[in-house]
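Student: with the input below, show me the fold.
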Amino acid sequence: MFEQVYGHTRIKTMLAGMVKKDQLHHGLCFHGPAGIGKRLLAAEVAKAMLCAHRTGCGTCNHCRKFASGNHPDYALIEPDGNDIKVDQIRHISENLHFRPFEASVRMIVMDGMERIREEAANAFLKSLEEPPEYVYFILVTADLKALIPTIQSRCQKVAFQSLTHPDKAQILRDRFGVEETMADKLAGISFRRLETEPAAWEAFQADIGKGLKYLQHMVKEGQAVDALSELSRDKEAFSRFKDHLAALLRELAWCAKGIAPQPFFAEFQEPLTKLAASKPAAFWYSLFEQVMWLESQRRRNLNQNIFFNGFSVFETT
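Tutor: Numbering: from 1, shown residues only. Prediction:
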């Protein structure tokens, strides 16, 4: 059960047991970092609850209707524009008393709950407090603290953690066709500091801009080292740049394979996409491997000249 969801083994096992034993809480709240599969798992739980066999078999009439987006007993609520609005909540409340049309239950998944307006949250509270026995809510949020305490207290909270390194590597292999060794390397770059430290985020953006300038010079004019003459005189900036260059090259490799940039790189999507298209994915993968090797030499007191000369072979490729 829940094979489409990567990672989160303990949570999947717990939820599968609840579904099979008909012990699912009428108000679940999935919370944790964005982009790790919470919404997908919520939908899979809903499908399993609607399934004729309570397994999400994929072949029964309920599962087929769910897959086509036409199951009358399933509803997905998400922000309308920037927020979940009170009119959306009122629509739920007004129809809550209707019994299931085809299945034995009604499943309502509410994604982006951190963006529910206060008025809408208060209106939703009554529905959550006393839902009919056949109605199940699954709330999904990237920020549990944004939910009012009264909503939190009426839900069984399920805390999600970031995906593990092996899970990330498996996603790269299975979904994007990245070969095993490269998938393992690409999955190893963490951005957690950027999510929690504003100063680190600002420095990251500045360094990515410099990194793009460097790589653009390398590709267009063969002047990569000259493009960083100013940066190389700033030891602190140089050190940060080395850290972020691998991340930038990873994004270029993904973009070259048609994979959209991560949210961290949203500001640079246009130049990233354009630069990635100027070379084949294998070029960016090779460059990524080079910088990873050079990074491993830090304990040997690697200096700037050795670092940048390591790229000279690529300047005219």
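Student: how far away is Ala142 from Met113?
Tutor: Counting by C-beta to C-beta, to the nearest Å, the gap from Ala142 to Met113 is 9 Å. No exception for glycine: its C-beta is placed from N, CA and C like everyone else's.
Student: tell me who's in contact with Gly56.
Tutor: Shown in contact with Gly56 (C-beta atoms under 8 Å, 6 or more residues apart in numbering): 1-2, 44, 47-48, 63.
Student: Asp143 now?
Tutor: Taking C-beta under 8 Å, 6+ apart as the test, what Asp143 contacts is 31, 114.
Student: start at 51, not 1
Tutor: Taking 51 as the first residue, the last one we looked at is Asp193.
Student: report pLDDT for it.
Tutor: Here, the pLDDT recorded for Asp193 equals 91.
Student: ok, now how distant is it from Leu175?
Tutor: Going from Asp193 to Leu175 by C-beta to C-beta gives 18 Å.
Student: could I get the contacts of Gly106 in TSV, plus columns for pLDDT, secondary structure and neighbour count?
Tutor: Compiled in TSV, the contacts of Gly106 are given as follows (pLDDT from 0 to 100; DSSP: H, G, I helix; E, B strand; the rest coil; neighbours: other C-beta atoms under 10 Å):
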residue	pLDDT	secondary structure	neighbour count
Met51	86	coil	19
Phe52	90	coil	21
Glu94	96	helix	22
Lys97	97	helix	25
Ala98	96	helix	25
Cys113	95	helix	20
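Student: make JSON lines from these and add distance to Pro182 to it.
Tutor: Below are the contacts of Gly106 laid out as JSON lines (distance: C-beta to C-beta, whole Å):
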{"residue": "Met51", "distance to Pro182": "25"}
{"residue": "Phe52", "distance to Pro182": "26"}
{"residue": "Glu94", "distance to Pro182": "23"}
{"residue": "Lys97", "distance to Pro182": "20"}
{"residue": "Ala98", "distance to Pro182": "20"}
{"residue": "Cys113", "distance to Pro182": "23"}
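Student: and Gln266, how many neighbours?
Tutor: The number of residues packed near Gln266 is 17, by other C-beta atoms under 10 Å.
Student: excluding its backbone neighbours, what's nearest it?
Tutor: Spatially, and ignoring its direct neighbours in sequence, Gln266 is nearest to Leu325 (6.1 Å; C-beta to C-beta, 6 or more residues apart in numbering).
Student: run a quick neighbour tally on Thr200.
Tutor: 12.
Student: find the nearest non-adjacent residue to it, please.
Tutor: Distances taken as C-beta to C-beta, 6+ apart place Leu175 nearest to Thr200, at 5.7 Å, with adjacent residues excluded.
Student: ok, now Leu91?
Tutor: Per C-beta to C-beta, 6+ apart, closest to Leu91 is Val55, 4.7 Å.
Student: and if you look at Gly87?
Tutor: Gly87 sits nearest to Val55 (C-beta to C-beta, 6+ apart), 5.0 Å away.
Student: now swap in Arg114 and tell me
Tutor: In space, and not counting its chain neighbours, Arg114 is closest to Gly108: 7.8 Å by C-beta to C-beta, 6+ apart.
Student: is Tyr56 in contact with Lys88, as I believe?
Tutor: No - Tyr56 is not in contact with Lys88 according to C-beta atoms under 8 Å; the separation is 12.0 Å.
Student: neighbour-wise, which of these two wins?
Tutor: Per other C-beta under 10 Å, whichever of Tyr56 and Lys88 has more neighbours is Lys88, with 25 against 20.
Student: so who does the more buried one touch?
Tutor: 80-82, 190, 192, 210.
Student: try it again at 10 Å.
Tutor: Applying C-beta atoms under 10 Å, 6 or more residues apart in numbering to Lys88 gives the contacts 55, 58, 61, 79-82, 161, 188-192, 208, 210.
Student: and what of Glu320?
Tutor: The contact partners of Glu320, taken as C-beta under 10 Å, 6+ apart, are Pro311.
Student: what mean pLDDT does the helix or strand encompassing it get?
Tutor: Using DSSP states H and E, Glu320 sits within helix 319-327. Regarding helix 319-327, the rounded mean pLDDT is 87.
Student: same thing with stretch 222-235?
Tutor: On average, stretch 222-235 scores 69.
Student: also stretch 126-136?
Tutor: For stretch 126-136, the per-residue pLDDT averages 91.
Student: out of the helices and strands in the protein, which is least certain?
Tutor: Least confident helix or strand of the chain, by mean pLDDT, DSSP states H and E, is helix 242-246 with a mean of 43.
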